[in-house]
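Student: predicted model and sequence below, questions to follow.
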Amino acid sequence: MTDGSPRDGSRPAGGDADPVAVGDLRVAVDVEATVDGDRLVVRSVDGRIDVSADTLRTLGRLESLLEQLPGRVGELIHRVPIGVHVGDVEVARVDPGVPAGPLAHVLGVAPARLDVGGVASAVLRGRW
């Protein structure tokens, strides 16, 4: 079951950063961090931002990281396609103009659209 999350053109983060249009700004992101021992990678690739984490728990800490973005970038970030991965599995996606499903609203992760199969796969692999 999917919460409307297309998989075409999405892949885990990797490679060099390419500038991504964020409103009228062009932003290149290439960040690798460790959050409580778990890896988190954020890269701009092929006109989107890819976020890849070792665990779902690490992704749960992203909101506090987004608050650290400069005001203008933080305000415009939801206008950029974003693929969210745990390991090599896509668990969520943000596409401008495509609404989040009811499950994403209930869980408080909108505007992301959850890929329920991807989340289940991450949990079954012990990556919660």
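Tutor: That came through, no problem. Numbers count the residues shown, from 1 in each chain.
Student: what stretches of the chain score poorly on pLDDT?
Tutor: 1-16, 62-77 (pLDDT under 70).
Student: middle-most residue in it, spatially?
Tutor: Closest to where the C-alpha atoms of the chain average out (CA atoms, centre = their mean) is Val84, at 3.1 Å.
Student: identify the residues contacting that residue.
Tutor: For Val84, the contact set (CB atoms under 8 Å, 6 or more residues apart in numbering) comprises Val51, Ser52, Leu59, Glu90, Val91, Ala92, Arg93, Val94, Ala112. Yep, even glycine has a C-beta here, placed from its N, CA and C like the rest.
Student: tell me which of these is nearest to Val35?
Tutor: Taking CB to CB as the measure, Leu59 is the one of these closest to Val35, at 9.6 Å.
Student: and Val45, how many neighbours?
Tutor: For Val45, the neighbour count with other CB atoms under 10 Å is 20.
Student: is it true that it touches Pro19?
Tutor: No. Assessed by CB atoms under 8 Å, Val45 is found out of contact with Pro19, at 10.3 Å.
Student: how about the longest helix along the chain: buried residues?
Tutor: Using DSSP state H to define each element, the chain has its longest helix at helix 116-124. By neighbour count on 16 or more other CB atoms under 10 Å, the buried set for helix 116-124 is Gly117, Gly118, Val119, Ser121, Ala122.
Student: how about the helices of this structure, start to end?
Tutor: Along the chain, the segments classed as helices by DSSP H run 56-59, 62-66, 71-76, 102-107, 116-124.
Student: tell me where this structure has strands.
Tutor: Ranges of strands within the chain are 20-22, 25-27, 30-35, 38-45, 48-53, 82-86, 89-94, 113-114, based on DSSP state E.
Student: before we move on, the earlier item: tell me the one of the contacts of Val84 nearest Ala28?
Tutor: Distances from Ala28 to the contacts of Val84, taken by CB to CB, are shortest for Val51, at 15.0 Å.
Student: bridged to the closest one, which residues?
Tutor: Beta-bridge pairing of Val51 under DSSP bridges involves Val42, Val84.
Student: what's the spacing between it and Gly87?
Tutor: Val51 sits 12 Å away from Gly87, going by CB to CB, to the nearest Å.
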